[in-house]
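Peer 1: Got a predicted structure here, sequence first:
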Amino acid sequence: MDARHRVVGPDGAVRQVSETLNVLVKTPGSVGTAGRPARAALPPTRGAPVTGVGDGVGGWVGGPVVPIPTGSVVMLVGPPASGKSMFAAELVRQDKVDAGAVLSSDDIAVELFGPTVDRDVADPEIFAERDRRLAQRLATGQTAVVDATNVLPQARAQLAAIARRFGAPVVVLRFGQPHAVLAAQNAGRDKRLPARQVREYAALMAAHATAEQLRAEGACAVHDVPGRDEQVTPAQAAHRFVFV
């Protein structure tokens, strides 16, 4: 199944942006159906939150350290050029997760089909492989960080269904950067997207991925990841999150 949204391409033509839903889970309604007990949500942190100091990643901006349960599905949500992949890379560099934890649809696309992959054609197979890897990690109690735009509810529902199969909590990290920041970061990408396309994705996020909606969809926690607009580097942002 494929959820698509119409956006205007750089030539003015309307194209289909898809977040493919390859249904892996046949019975998503039951928790812990893979033979593993459902995990309980983390209790509220007692007392004052721990604050970050002396992080060794180029200076720490302060603020509470955010705990994420090990074995979670960590869903990154944001338009292209919002900093999701750089944040995920920092989680790996800081040894918060292993490299195999990051499930990037872009990386899987290149791995399977090479750098000139036609995503309109290949997306069903790409997302099916991503979902297979996600299920494989959750089956052994490992954390998975899903690096994709995830701005549409249908795409998030697919990931949540797989999480329910294994009794894994879903934690959503939102990357809601202003348009000026998105434009600047898009300009620095190796593969720049048309500015209009980035704006379309940002509009989808604003309409369909509010913190309230994400909680209503069943996320156990929703956090906004600080970024360039707050003068926070990807390394500093990643340092704020700990897996417990």
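Peer 2: Everything's here; your move.

Peer 1: So which residue is smack in the middle of this structure?
Peer 2: residue 76 (1.6 Å; C-alpha atoms, centre = their mean).

Peer 1: Just confirm residue 127 contacts residue 106, I think it does.
Peer 2: No. Assessed by C-beta atoms under 8 Å, residue 127 is found out of contact with residue 106, at 11.6 Å. In short, each C-beta sits where N, CA and C put it, glycine included.

Peer 1: Looking at these two, which is more packed in?
Peer 2: Remark: of residue 127 and residue 106, residue 127 carries more neighbours, 23 against 16, as counted by other C-beta atoms under 10 Å.

Peer 1: I'd like to know how far the more buried one sits from residue 148.
Peer 2: Plainly put, residue 127 is 8 Å away from residue 148 if you go by C-beta to C-beta, to the nearest Å.

Peer 1: Next: residue 239.
Peer 2: Distance from residue 239 to residue 148, counting by C-beta to C-beta: 23 Å.

Peer 1: Ok, residue 154 next?
Peer 2: Distance from residue 154 to residue 148, counting by C-beta to C-beta: 12 Å.

Peer 1: When the two are compared, which one has more neighbours?
Peer 2: Ranked by neighbour count (other C-beta under 10 Å), residue 154 and residue 148 place residue 148 first, with 24 against 16.

Peer 1: Could you name the helices and strands sitting against the longest helix along the chain?
Peer 2: The helix that spans the most residues within the chain, counting by DSSP state H, is helix 119-139. Under the contact definition 3 or more C-beta pairs under 8 Å, 6 or more residues apart in numbering; DSSP states H and E, helix 119-139 sits against strand 14-20, strand 102-104, helix 105-113, strand 144-147, helix 153-165.

Peer 1: and the next element down the chain from the last one?
Peer 2: Sequence-wise, the next helix or strand downstream of helix 153-165 (DSSP states H and E) is strand 170-174.

Peer 1: So what touches the helix or strand following that following strand?
Peer 2: Sequence order places helix 179-187 as the next helix or strand after strand 170-174, per DSSP H and E. For helix 179-187, contacts defined as C-beta atoms under 8 Å, 6 or more residues apart in numbering pick out 79-83, 177, 192-193, 195, 198-199, 202, 227-229.

Peer 1: Buried subset of those as a ChimeraX selection?
Peer 2: Buried residues within those, by 16 or more other C-beta atoms under 10 Å, are selected in ChimeraX with:
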select :79,80,81,82,83,177,193,198,199,202,227,228
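
Peer 1: Mark which of the contacts of helix 179-187 are part of helices, please.
Peer 2: 195, 198, 199, 202.
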